[in-house]
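K.L.:
Sequence and computational prediction follow.
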Amino acid sequence: MRNSFIPPERILMGPGPSNVHPRVLEAMARSTIGHLDPKFIELMDDIKSLLKYVFRTENEVTFAVSGPGSVGMETCLVNLVEPGSKVVVCINGVFGERMKSIVERCGAAPIAVEDEWGKAIDIQKFENALDANPDVKVTAFVHAETSTGAKSDIKTLAEIAHKYDCLTIADTVTSLGGIPLLIDEWNIDASYSGTQKCLSCPPGLSPVTFNDRTVEFIKNRKTQVQSWFMDLNLVLGYWGSGAKRTYHHTAPVNALYGLHEALLLVKEEGIENAWDRHKRNGKLLVKELESIGLPPMVKEDERLPELTSISVPAGINEAEVRAKLLNEYNIEIGAGLGTLAGKVWRIGLMGYTSKEENITTLVNALKNILNN
Ligand SMILES: *Cc1c(COP(=O)(O)O)cnc(C)c1O
């Protein structure tokens, strides 16, 4: 006989998942009902309006894709990118690279605007790429690069993209609920996010939002969307408003209970207060880490409060420190990815994890480990 799996109690201070609020876990343990049950449809409508609240948008097409953030990324790209087209993709970390790879798989040509990892996207380089490629219709960039901890100015990027009559896809996986993100005010055309970063919810769903202009653009495609599952025209038969909801795929019912509760928590706190909490705790973390000789990698005006990269001091075995944190203190932090592998630690303060006591616990643990 096998025993049930009992996970250890960890403090999740890595790049995601972050700790889940107990109310979300409780919601997810409730009885499963049918995904076309009228009561479930009511829940879906509620989720859509709560998502509009956190995204700061009035977009009708705002819902949760069944799948993690990467599926949201792919949903935006496969719907907006036609084979043979060109797409400007900004790359300053892992997730920009992932977007480029999806664009290639869509049969399109990515025009990469590359920046150093740990820095914001360079606005001038972006504009130069659009200037040099007048046939581009779609652009894509990451708001909060979780692989480095750098924040980009997507408001200005969107302004420039529109000057060249291009649509914008913004990755807001680690910004939604964590830092100011104003979809309508900033004119972001399409965006995808994730549940497991700043929303205090487990992984597995991807909130997305599309404005009318984008929906129109998708309707006017010359070719069919390459993916059946992610084709917005089909998904909206289930998630869309007004029309009778029809079966598309079986929604992850209990996961959506969880998301609903997580969004309620943001609404109760107030989204501006959630942004402030992340900001305050991010600053405190940096101050505390600097006091033990661990300065942040990203410069202050481009630094994310919910994800701090710190350079590993010379002579320290970074993997050993992470293993000790996990095994002796039940704290998870992240390693560097790609070009930053072995060079940085990534410390997350996202969603329910973003609280003062976690900072104190981590800093004390690091002090003990590094002084031994
Ligand atoms: C985590 C993350 C993703 C991918 O989300 P998954 O849920 O891991 O698929 C995409 N973009 C950014 C910026 C992320 O932090």
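P.N.:
Arrived safely.
K.L.:
So which bits of the stretch 151-300 of the chain are right by the ligand?
P.N.:
Within the stretch 151-300 of the chain, the residues that sit near the ligand (Cβ under 6 Å from any ligand atom) are D171, V173, T174, G194, K197, P203. To be clear about C-beta, it is placed using only N, CA and C from the backbone, and glycine gets the same treatment.
K.L.:
My guess is V65 contacts L205. True?
P.N.:
Yes - under the criterion of Cβ atoms under 8 Å, V65 makes contact with L205 at 7.0 Å.
K.L.:
who wins for most neighbours among the residues of the stretch 151-300 of the chain next to the ligand?
P.N.:
Scoring those on neighbours with other Cβ atoms under 10 Å, the highest-scoring entry is T174 at 31 neighbours.
K.L.:
Can you check the pLDDT for the closest residue to S227 other than its chain neighbours?
P.N.:
Leaving aside its sequence neighbours, S227 sits nearest to V78 (Cβ to Cβ, 6 or more residues apart in numbering; 4.8 Å). According to the prediction, V78 has pLDDT 98.
K.L.:
other SSEs contacting the helix or strand containing V78?
P.N.:
Using DSSP states H and E, V78 sits in helix 69-80. Applying 3 or more Cβ pairs under 8 Å, 6 or more residues apart in numbering; DSSP states H and E, one finds that helix 69-80 contacts strand 61-66, helix 94-105, strand 138-142, strand 167-171, strand 190-192, strand 205-210, helix 212-219, helix 232-239.
K.L.:
Just want the angle from that helix to strand 61-66.
P.N.:
Interaxial angle, helix 69-80 versus strand 61-66 (axes from the mean of the first three to the mean of the last three Cα atoms, to 10 degrees): 130 degrees.
K.L.:
mind listing what the nearest residue to K355 once chain neighbours are set aside touches?
P.N.:
Nearest residue to K355, sequence neighbours excluded (Cβ to Cβ, 6+ apart): N281, at 6.7 Å. Contact partners of N281, counting by Cβ atoms under 8 Å, 6 or more residues apart in numbering, are P305, L349, S354, K355, E356, I359.
K.L.:
among the residues you listed, which ones are buried?
P.N.:
P305, L349, S354, I359 (16 or more other Cβ atoms under 10 Å).
K.L.:
hang on, the third one packs against H278?
P.N.:
It stands for S354. Yes - shown here, S354 and H278 form a contact pair, counting by Cβ under 8 Å, at 5.2 Å.
K.L.:
Overlap in contacts, those two.
P.N.:
Residues touching both S354 and H278 by Cβ under 8 Å, 6+ apart: G178, C198, E306.
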